[in-house]
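Undergrad: Below: sequence and its predicted model.
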Amino acid sequence: MKRKLLSVLLIAAMGVSVLAGCASSDSQKTEVDKKAASSDENVLEFYHGYYQDKSEWAAAQVMRDIYDEFAKAHADGAVTFKPIPVENRDDIVSAKVAGGSFPDMVDVGGAGVPQSAISQNLVYDLKPYIDENKLQDAVGLNYTQHDMDGHIYAVHDQIESRGLWYNSSVFEKAGVSADALKDWNSFGEAMTKISALNDGTYGYIGGQGSSYIVNSIMASTENGKKMLESELTEEIINSDEFANAFKTAAKLDQANGSDHTTDDNGNLMAEFNTNGKVGVLFNGVWNASGIDASLVDSIEPSLFPGNVAIASAGGGLAVSNKMSDEKTKLALEFIKYMTSKEVQEKIFTEVQANPCNTTVDLNALAQKSGDAATIKLAKACSQVNSADTVVIDMNYTWGSDVDKAIINALMECAVSGTDVDARFESLKKELLALIG
């Protein structure tokens, strides 16, 4: 059966085998497992990555407040809830798994749940609980993307949703309309017109952003979409779909210019959000919260050409399979709480992210807020959620090392005079070496 998300990145081995002995939620833990549970049966420890100061990232404080509300509500219970903010979640998980254990509960990052933890039966299968409590709509995209041969080992309370943002004022100045975003040919022509303004404005932030061009072009064909949803193979590397996607992106980058590339969009996002020097930004819907008030009327959300959106469940909340029944019950209740409409509405309005719960009325919440950026966020989320084609970020299925190799190759191709065909052949060799 085709492997779904649940991390195929650096921590996880590229193999996909999942042990079949992870049956129902009540029968998963043996008596030996229970005896091996955390020494403190009265405290459910939850590790998460929202450690940033409010002044550094306001959303982190919102998430901590959400966690604290749950902790207060269960302060008098047989088991209490203890949220623990940390910078090194991956290190903590790796160390525990190496010793044959798993954190009580952890919000795993982009690396996801390690395959080695699953193969050791250290992680609780959430699917029976989701099915029994009819939470399919509440967990949304998690239900399909995190499915591993009938098991779900993590649920993310937010959906990593990517499209593009464009500056309508820059478009108008360059004589370009939003229709230019319908296909990649007209997109390229529009970026050339923007660069021709010769006033310091340029088309888009390439490099990391260009990897989303590769991602979305592959998603535009059924065969390419299937490739993105599976692990990277020699057949995919040598496919026409991959060659077309990479070379199209590389040629766009070369026309756009090497001065406008970065391996991390965050390095240049201010040029779009604050300075208004960039026509298009490939970034997540959450970028709405970063748009300067002076530009909010000009910046609009859109999908990738071909009506393609990139949406990923990402990491998510994972639970140890070696806890007491009382702690496990509280952990499951927390997942239900985090995917509830009440919490999901806060995640949209205050965290400024796309919630996983598909029953939340984003447009109604945005209109009620009256905030221009939130209204743009709702529009962006709605476009992603209703796109003709929704595909996972290849970073999750092909691995971050593969994604980085592609980004580096694209940045080199942005240099004038670089032989795109030759660089692509070199990239193929790099990727073949990475997948072994």
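TA: Received, thanks. Residues are numbered from 1 along each chain as shown.

Undergrad: for residue 161, phi and psi?
TA: Dihedral pair for residue 161: phi -120, psi 120, per degrees, to the nearest 10.

Undergrad: what's the neighbour count on it?
TA: Here the number of neighbours of residue 161 (other CB atoms under 10 Å) works out to 23. Heads up, the C-betas are built off the backbone N, CA and C, glycines and all.

Undergrad: which residues does it contact?
TA: Going by CB atoms under 8 Å, 6 or more residues apart in numbering, residue 161 touches 284, 285, 309, 310, 311, 354, 380, 381, 384, 385.

Undergrad: next structured bit after the helix or strand where the fourth one lies?
TA: Translated: residue 310. Using DSSP states H and E, residue 310 maps to strand 308-312. Following strand 308-312 in sequence order, the next helix or strand is strand 316-319 (DSSP H and E).

Undergrad: average pLDDT across that next one?
TA: On average, the pLDDT along strand 316-319 is 98.

Undergrad: Can I get it as CSV, trimmed to CA atoms?
TA: Presented in CSV, the C-alpha positions along strand 316-319 are these (Å, rounded to 0.1, in the frame of the first residue of the first chain):
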residue,chain,number,x,y,z
GLY,A,316,1.7,17.0,14.7
LEU,A,317,0.7,15.7,18.1
ALA,A,318,2.0,12.2,18.8
VAL,A,319,1.3,10.1,21.9
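
Undergrad: Go through whatever helix or strand comes next after that strand and flag the buried ones.
TA: Sequence order places helix 325-338 as the next helix or strand after strand 316-319, per DSSP H and E. Applying a neighbour-count criterion of 16 or more other CB atoms under 10 Å, one finds 327, 328, 329, 330, 331, 332, 333, 334, 335, 336, 337, 338 buried in helix 325-338.

Undergrad: Check stretch 252-265 too.
TA: 252, 253, 254, 255, 256, 257, 258, 260, 261, 262, 265.

Undergrad: check which helix or strand covers residue 429.
TA: Assigned by DSSP H and E, residue 429 falls within helix 420-435.

Undergrad: what do you get for residue 160?
TA: Per DSSP H and E: strand 158-167 holds residue 160.

Undergrad: got the angle between that strand and strand 308-312?
TA: Strand 158-167 runs at 150 degrees relative to strand 308-312, counting by axes from the mean of the first three to the mean of the last three CA atoms, to 10 degrees.

Undergrad: and strand 158-167, how far out from the chain's middle?
TA: In terms of CA atoms, centre = their mean, to the nearest Å, the centre of strand 158-167 is found 10 Å from the chain centre.

Undergrad: Would you mark the buried spots in the helix or strand just after that strand?
TA: Toward the C-terminal end, the helix or strand that comes next after strand 158-167 (DSSP H and E) is helix 168-173. Residues of helix 168-173 classed as buried by neighbour count (16+ other CB under 10 Å): 170, 171.

Undergrad: Next: stretch 121-133.
TA: Across stretch 121-133, burial judged by 16+ other CB under 10 Å covers 121, 122, 123, 124, 125, 126, 127, 128, 129, 130.

Undergrad: Could you do stretch 212-232 as well?
TA: Using 16+ other CB under 10 Å as the test for burial, stretch 212-232 gives 212-221, 224-225, 227-229, 231-232.

Undergrad: What is the neighbour count of residue 236?
TA: Residue neighbour count, defined by other CB under 10 Å, stands at 20 for residue 236.

Undergrad: So what touches stretch 55-72?
TA: Stretch 55-72 is contacted from outside by 46, 48, 50-54, 80-83, 85, 289, 334, 337-338, 343, 346-347, 350-353, using CB under 8 Å, 6+ apart.

Undergrad: pLDDT (mean, whole number) over it?
TA: On average, the pLDDT along stretch 55-72 is 97.

Undergrad: got any ranges where the stretch 1-150 of the chain has weak pLDDT?
TA: By pLDDT under 70, the weakly predicted segments of the stretch 1-150 of the chain are 1-39.

Undergrad: May I have the helix holding residue 429 as PDB, with CA atoms only?
TA: What follows is helix 420-435 as a C-alpha-only set of coordinates in PDB (Å, rounded to 0.1, in the frame of the first residue of the first chain):
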ATOM      1  CA  VAL A 420      20.300  24.300 -17.200                       C
ATOM      2  CA  ASP A 421      20.400  21.000 -18.900                       C
ATOM      3  CA  ALA A 422      23.900  20.200 -17.600                       C
ATOM      4  CA  ARG A 423      23.000  21.300 -14.100                       C
ATOM      5  CA  PHE A 424      20.000  19.100 -14.200                       C
ATOM      6  CA  GLU A 425      22.000  16.000 -15.100                       C
ATOM      7  CA  SER A 426      24.300  16.800 -12.200                       C
ATOM      8  CA  LEU A 427      21.300  17.100  -9.900                       C
ATOM      9  CA  LYS A 428      20.000  13.700 -11.000                       C
ATOM     10  CA  LYS A 429      23.300  12.200  -9.900                       C
ATOM     11  CA  GLU A 430      23.100  13.900  -6.500                       C
ATOM     12  CA  LEU A 431      19.600  12.700  -5.900                       C
ATOM     13  CA  LEU A 432      20.400   9.100  -7.000                       C
ATOM     14  CA  ALA A 433      23.200   9.200  -4.400                       C
ATOM     15  CA  LEU A 434      20.900  10.500  -1.700                       C
ATOM     16  CA  ILE A 435      18.300   7.700  -2.200                       C
END
